[in-house]
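J.: Build me a model:
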Amino acid sequence: MTGQILGQPVTHRVAAEWAHNHQFLHFHEKDTADPPAYEVDVYIGYDNMSERYVAHWLDVFGGRYSETLGYGKRDGNSIRFLFEYPDGPFVNTFVWKPELRKWQFVLESKNSDGKWTNFAILDMSPAGK
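T.: All right, here's what the predicted structure looks like:
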């Protein structure tokens, strides 16, 4: 995974697998810097009752932010997750680009003026691509 977070270039390694009886897609992401600046485990599942996806983000920022679930709806090749964090809303949109065989993650936060701004744009391709 490569891209920019807050305007800074980053490279992360990502591994994904089905977990918990195929109910969740689990991915582990870790910064390739030494020492790593960021690491996260994400679990994404689907809630049939509410017909939406749910994402649980567990990262280096600890329990305060992991208590907030993201909820998303699929629209074509994308799923837009909204997280209502204590310090404001945050959106992570996963976009599958089949012609390129890669995922793009677009992360946005709402600033103090109430405007959405880019937090990060990341591209994830299979290893060796």
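
J.: for this structure, what spans make up the helices?
T.: Taking DSSP state H to define them, one finds helices in the chain at 63-66.

J.: Where does pLDDT dip in it?
T.: 128-129 (pLDDT under 70).

J.: Residue most distant from the centroid, this structure?
T.: Within the chain, the residue lying farthest from the chain centre (CA atoms, centre = their mean) is residue 113, at 24.0 Å.

J.: got the contact list for it?
T.: Residues in contact with residue 113 (CB atoms under 8 Å, 6 or more residues apart in numbering): none are found. Placement of C-beta: from N, CA and C, glycine included.

J.: That one and residue 43: what is the separation?
T.: Separation of residue 113 from residue 43 (CB to CB, to the nearest Å): 33 Å.

J.: Tell me what the most centrally placed residue in the chain is bridged to.
T.: By CA atoms, centre = their mean, the chain has its centre lying nearest to residue 92, at 5.5 Å. Beta-bridge partners of residue 92, counted by DSSP bridges, are residue 81, residue 107.
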